[in-house]
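> okay, sequence plus prediction incoming.
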Amino acid sequence: MSLHAREISPPNALADELAAERAHLTRSRAALHRMRERAEALFATGDKVAGDAYTAEQLGRHLARRVAELADDPRTPLFFGRLDFDDVDADHAGRRYHVGRRHVTDEQGEPLVLDWRAPVSRAFYRASARDPQGLAVRRRFGFGDGQLTSFEDEHLNRGEELGRASRILTAEIERPRVGPMRDIVATIQPEQDELVRADLADSICVQGAPGTGKTAVGLHRAAYLLYLHRERLRRSKVLVVGPNRAFLGYIAAVLPALGEVEVEQATVEDLVDRVPVRAVDPPEVATLKHDARMAEVLRRAVDAYIGEPTEPVLVSDGSFRWRIGLEPLHRLVHDTRAERLPYAVGRDRVRARVVGLLQRQAEARRAESPSDAWLRRMGKSKPVTELLDAVWPALTPDGLLHALYTDADRLARAADGLLTDNEQRLLTGGAGRAAGGTRLGRTAKATRWTAADAVLIDEAAGLLERSAGYGHVVVDEAQDLSPMQCRVIARRSEHGSLTLLGDLAQATAPWAATDWRESLRHLGKPEASVVPLTIGFRVPAVVLAFANRLLPALAVDVPPAESLRGDGTLDVRTVSDLADATVAEVRAALTHEGSIAVIAADDAVDALRAALTGAGIETATADEPAAEARVTVMPATLVKGLEYDHVITVEPAAIVAAEPRGLHRLYVVLTRAVSRLSVLHTAPLPEPLG
């Protein structure tokens with residue numbers, strides 16, 4: 001067969017082949033439908049076969065999950081490739097497999113479609129003419145609206161390989177972006193596949209230039225690990241952390257499309273949601289609170305609450321009086337402190353050990369073991385409680401931070417040698433509060449906390465109690481994590497692994513990372529590998545070349561991205577009226593297929609949207625992910641991680657002027673376009689672009 005894609009009207013032999021593949025698709029969809037019907041029937045009757053209420057509940061959850069996993073989207077092809085093995089392959093000689101998004105079997109249990117994560121499917125992504133891996137033919141399928149339209153063969157055993165010259169592969173990569181992010185299982189490249197299939201025990205950091213598919217790599221790695229370690233990760237769970245809700249909405253459909261419906265998604269703000277955020281810090285105060293030194297300040301503050309016993313403990317027990325002298329009490333507190341337990345666990349340990357000493361005396365006197373009720377009564381007795389309050393008082397996370405902010409002397413002791421006097425004043429009030437930072441109340445509950453305070457309170461909670469952890473955490477846009485935010489994630493992945501995704505050139509936060517090694521240290525994974533992805537598949541070369549002009553001014557050591565896409569357009573124009581020009585550009589963009597984003601400085605968004613609405617053009621905003629409108633008007637601060645076919649960037653100079661790292665923000669904005677980029681400006685372009 002030729003290496004070229006087979007169209008809908010090929011010669012007879014090829015038409016028969018295409019018809020056979022379409023029949024296999026129909027058969028596979030019917031089989032998936034039967035699998036779902038069986039799961040639904042079991043779900044409907046599961047409570048009748050379960051032996052007890054607990055078993056019924058667990059079975060119900062399992063079957064509900066199974067029903068959701070077997071959902072079929074008719075717009076998405078069930079398979080995208082086929083593997084024909086040669087007759088000499090030891091394991092699969094002469095076998096043929098269709099590769100798709102999930103495993104589908106016929107009524108006899110024979111596979112009609114293999115899951116892309118299955119070991120044998122690896123050859124679809126890794127085999128080459130140089131290393132066929134037992135394959136005679138690799139076939140790719142072209143689809144339109146879920147219908148099979150063409151196919152394309154590579155005879156690897158004859159040295160025939162299309163690689164990135166594949167028309168079907170290129171068409172899938174360049175397909176217009178409409179709606180939320182899609183999976184990339186049909187287009188995963190060998191270098192991406194290597195990252196996707198990394199071992200669960202390995203933490204990796206992907207430095208990915210725009211359009212290199214780093215987000216997709218992270219999500220597909222989560223799906224792959226769930227396939228390989230299903231029960232383990234169902235217990236310990238998988239978490240995806242994104243920069244904002246708009247981004248999470250954009251990626252939300254990827255894992256369900258692959259049959260994975262139980263992955264948790266959150267922003268860092270969601271993870272630290274212990275107190276309501278009702279105030280805003282000035283930039284210098286927020287930057288200080290996100291500094292890694294604050295972790296040590298809080299640790300010292302907690303340690304300072306631990307005291308030394310000053311008098312023996314005397315406990316009345318009916319006709320008996322039990323006494324614990326100072327020496328055993330000192331030893332007990334010292335030993336507990338040396339164990340470096342979370343503070344609240346240490347308090348419970350001190351209580352238990354004191355009660356243990358009382359129990360020994362009671363057993364020696366009465367020659368019998370006291371009851372559980374007696375042990376509980378001793379633990380709550382006034383002398384024991386007073387000892388605890390003196391040497392290991394109860395603390396709450398927000399109460400700890402409130403005490404530091406309201407007691408300058410306490411803060412000075414904890415911050416000695418770490419924070420300057422001026423930095424301490426920023427935390428305890430004065431300039432910080434007068435400028436609109438934390439509004440301190442008489443109590444922690446009455447205090448109006450900031451977003452940075454919420455991160456510190458979570459750090460305090462980690463010192464007081466053990467945090468729940470995940471088996472694997474995927475963190476996207478990680479370049480904007482502060483050291484303290486990194487520690488938020490580290491506490492939740494202490495016994496699991498990480499996939500860290502980001503691009504230092506797109507770092508826009510005041511505390512943004514400049515070296516992945518530093519971020520990995522704060523994340524508790526200093527040994528993680530840092531792997532660069534520099535080949536872009538989504539952003540056209542002409543757009544990327546324009547954005548890359550900014551790189552020398554960004555002061556980051558990252559390799560410039562290279563794009564494999566020779567299509568796409570760039571239009572940079574000076575205009576007299578931004579609103580009128582934007583309306584005209586959107587009208588022109590609507591004549592093309594795909595999504596459209598108007599991106600501007602945050603304070604310009606409302607006026608631009610009003611102009612478009614006044615012109616009769618329906619628009620959506622960042623907080624309307626389900627909107628049907630093709631045109632989205634976005635503030636520059638919220639577009640990180642998103643993609644649109646046509647991006648209209650309005651007044652780059654205003655985007656740059658809006659924040660200290662404005663050039664980094666502009667780099668993000670310019671690299672959101674996957675087909676066409678229009679730049680409209682009245683003011684001169686920022687110097688690096690000129």
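Nice, thanks for sending it over. Bear in mind the structure is a predicted one, so any value in this text is a computation, not a measurement. Residues are numbered from 1 along each chain as shown.
> from here on, just use CA atoms for contacts and neighbour counts.
OK.
> for the stretch 501-650 of the chain, just list every one of the strands.
Per DSSP state E, counting those that start in this stretch, the stretch 501-650 of the chain carries strands over the ranges 529-533, 535-536, 562-563, 569-574, 596-600, 619-620, 631-635, 644-650.
> quick one: strands adjacent to the fifth one?
In the sheet, strand 596-600 lines up against strand 631-635 (parallel), strand 644-650 (parallel) (DSSP bridges).
> JSON lines for those strands, including mean neighbour count and mean pLDDT?
Formatted as JSON lines, those follow (neighbours: other Cα atoms under 10 Å; pLDDT from 0 to 100):
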{"stretch": "strand 631-635", "mean neighbour count": "23", "mean pLDDT": "95"}
{"stretch": "strand 644-650", "mean neighbour count": "27", "mean pLDDT": "97"}
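> turn the ones you listed into a markdown table, including distance to residue 117.
What follows is those, written out as a markdown table (distance: least, Cα to Cα, whole Å):
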| stretch | distance to residue 117 |
| --- | --- |
| strand 631-635 | 35 |
| strand 644-650 | 29 |
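> what about those strands, which gets the closest to residue 210?
Evaluated with Cα to Cα, the strands paired with strand 596-600 place strand 644-650 nearest to residue 210, the distance being 12.8 Å.
> pull the distance from the closest one to the chain's centre.
25 Å (Cα atoms, centre = their mean, to the nearest Å).
> which parts of the helix or strand following it are buried?
Per DSSP states H and E, the first helix or strand lying C-terminal to strand 644-650 is helix 652-657. Buried residues in helix 652-657, defined by neighbour count with 16 or more other Cα atoms under 10 Å: 652, 653, 654, 655, 656.
> ok, now stretch 570-580?
570, 575, 578, 579.
> and the strands in the stretch 201-350 of the chain, which stretches?
204-208, 238-242, 264-267, 277-279, 313-317, 320-324.
> one more: the stretch 51-200 of the chain?
Taking DSSP E, counting those that start in this stretch as the test, the strands found in the stretch 51-200 of the chain are 79-85, 96-100, 104-105, 111-115, 135-144, 147-154.
> which stretch among the ones you listed comes nearest residue 218?
Closest of those to residue 218 is strand 111-115, at 18.0 Å (criterion: Cα to Cα).
> re earlier: out of the strands of the stretch 51-200 of the chain, nearest to residue 236?
Here strand 111-115 is closest among those (Cα to Cα), at 23.1 Å.
> distance of residue 677 from residue 263?
Separation of residue 677 from residue 263 (Cα to Cα, to the nearest Å) stands at 34 Å.
> more crowded one of the two?
residue 677 (28 against 19; other Cα atoms under 10 Å).
> pretty sure that one contacts residue 569?
Yes. Taking contacts as Cα atoms under 8 Å, residue 677 lies within contact range of residue 569: 6.3 Å.
> which residue is nearest the middle of the chain?
residue 241 (2.6 Å; Cα atoms, centre = their mean).
> the closest residue to residue 655 other than its chain neighbours - how many residues pack around it?
Among residues not flanking residue 655 along the chain, residue 601 sits closest, at 4.7 Å (Cα to Cα, 6 or more residues apart in numbering). Neighbour count of residue 601, defined by other Cα under 10 Å: 24.
> which residues touch residue 601?
Contact analysis of residue 601 by Cα atoms under 8 Å, 6 or more residues apart in numbering lists 635, 636, 637, 650, 651, 654, 655, 658.
> can you redo those as JSON lines with distance to residue 538?
As requested, those are arranged in JSON lines below (distance: Cα to Cα, whole Å):
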{"residue": "635", "distance to residue 538": "22"}
{"residue": "636", "distance to residue 538": "20"}
{"residue": "637", "distance to residue 538": "21"}
{"residue": "650", "distance to residue 538": "22"}
{"residue": "651", "distance to residue 538": "24"}
{"residue": "654", "distance to residue 538": "27"}
{"residue": "655", "distance to residue 538": "23"}
{"residue": "658", "distance to residue 538": "28"}
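> could you check how far residue 138 is from residue 95?
12 Å.
> likewise residue 612?
Counting by Cα to Cα, the gap from residue 612 to residue 95 is 57 Å.
> of the two, who's got more company?
residue 612 (22 against 13).
> and the helices in the stretch 251-400 of the chain?
254-257, 268-271, 283-289, 293-304, 326-338, 343-366, 372-380, 382-391, 397-406 (DSSP state H, counting those that start in this stretch).
> I meant the stretch 1-150 of the chain, not that one.
Using DSSP H, counting those that start in this stretch, helices in the stretch 1-150 of the chain cover 12-49, 53-69, 122-126.
> deepest-packed of the ones you listed, please.
helix 122-126 (a mean of 19; mean count of other Cα atoms under 10 Å).
> mind giving me the packing neighbours of that helix?
strand 79-85, helix 190-196 (3 or more Cα pairs under 8 Å, 6 or more residues apart in numbering; DSSP states H and E).
> returning to that earlier point: right, and the strands paired with strand 596-600 - which one's nearest residue 125?
strand 644-650 (26.5 Å).
> circling back: can you pull the contacts of the residue nearest to the centre of the chain?
265, 266, 267, 268, 473, 474, 475, 476.
> touching the helix or strand hosting residue 675 from outside, list them.
Taking DSSP H and E as the criterion, the element that holds residue 675 is strand 673-681. Contact partners of strand 673-681, identified using Cα under 8 Å, 6+ apart, comprise 174, 176-177, 538-540, 543, 567-575, 578, 581-582, 643-652, 670.
> report how many residues lie close to the closest residue to residue 79 other than its chain neighbours.
Nearest non-adjacent residue to residue 79, counting by Cα to Cα, 6+ apart: residue 100, 3.7 Å away. Counted with other Cα under 10 Å, residues neighbouring residue 100 total 23.
> residue 144 too?
The number of residues near residue 144, taken as other Cα under 10 Å, comes to 11.
> what residues are up against the nearest residue to it once chain neighbours are set aside?
Spatially, and ignoring its direct neighbours in sequence, residue 144 is nearest to residue 75 (8.0 Å; Cα to Cα, 6+ apart). Residue 75 makes contact with 144, 145, 146, 147 under the criterion Cα under 8 Å, 6+ apart.
> most neighbours out of those residues, which is it?
Going by other Cα under 10 Å, residue 147 tops the contacts of residue 75 with 16 neighbours.
> please name the bridge partners of that residue.
In this entry, residue 147 is beta-bridged to residue 144, by DSSP bridges.
> wait, isn't it in contact with residue 77?
Yes. Here residue 147 reaches residue 77: they are 7.1 Å apart, a contact under Cα under 8 Å.
> sorry, back to before: what is the nearest of the contacts of residue 75 to residue 469?
residue 146 (39.2 Å).
> quick one: the closest one from residue 155, how far?
26 Å.
> what's the pLDDT at residue 513?
Looking at residue 513, its pLDDT is 87.
> what about it, neighbour count?
24.
> go on, the one 10 residues further on?
Neighbours of residue 523 under the rule other Cα under 10 Å: 23.
> got it, and the one 4 residues further on?
Around residue 527 there are 12 other residues, counting by other Cα under 10 Å.
> now swap in residue 101 and tell me
So residue 101, with other Cα under 10 Å, has 21 neighbours.
> now do the contacts for it.
Contacts of residue 101 (Cα under 8 Å, 6+ apart): 78, 79, 114, 115, 116, 185, 257, 258, 259.
> can you tell me how far it is from residue 522?
To residue 522, residue 101 is 36 Å away according to Cα to Cα.
> in this structure, which helix or strand is least confident?
helix 431-434 (a mean of 43; mean pLDDT, DSSP states H and E).
> next secondary structure element downstream of that one?
Helix 431-434 is succeeded, C-terminally, by strand 449-450 (DSSP H and E).
> what is the mean pLDDT for that following strand?
96.
> which residues are in contact with that strand?
Residues from elsewhere that reach strand 449-450 (Cα under 8 Å, 6+ apart): 275, 276, 277, 278, 279, 280, 281, 437, 438, 439, 440.
> hang on, the fourth one packs against residue 446?
Same thing as residue 278. No. Using Cα under 8 Å, residue 278 is not in contact with residue 446, being 11.0 Å away.
> what about stretch 199-219, start to end distance?
Using Cα to Cα, one end of stretch 199-219 lies 15 Å from the other.
> kind regards, and thank you for your time.
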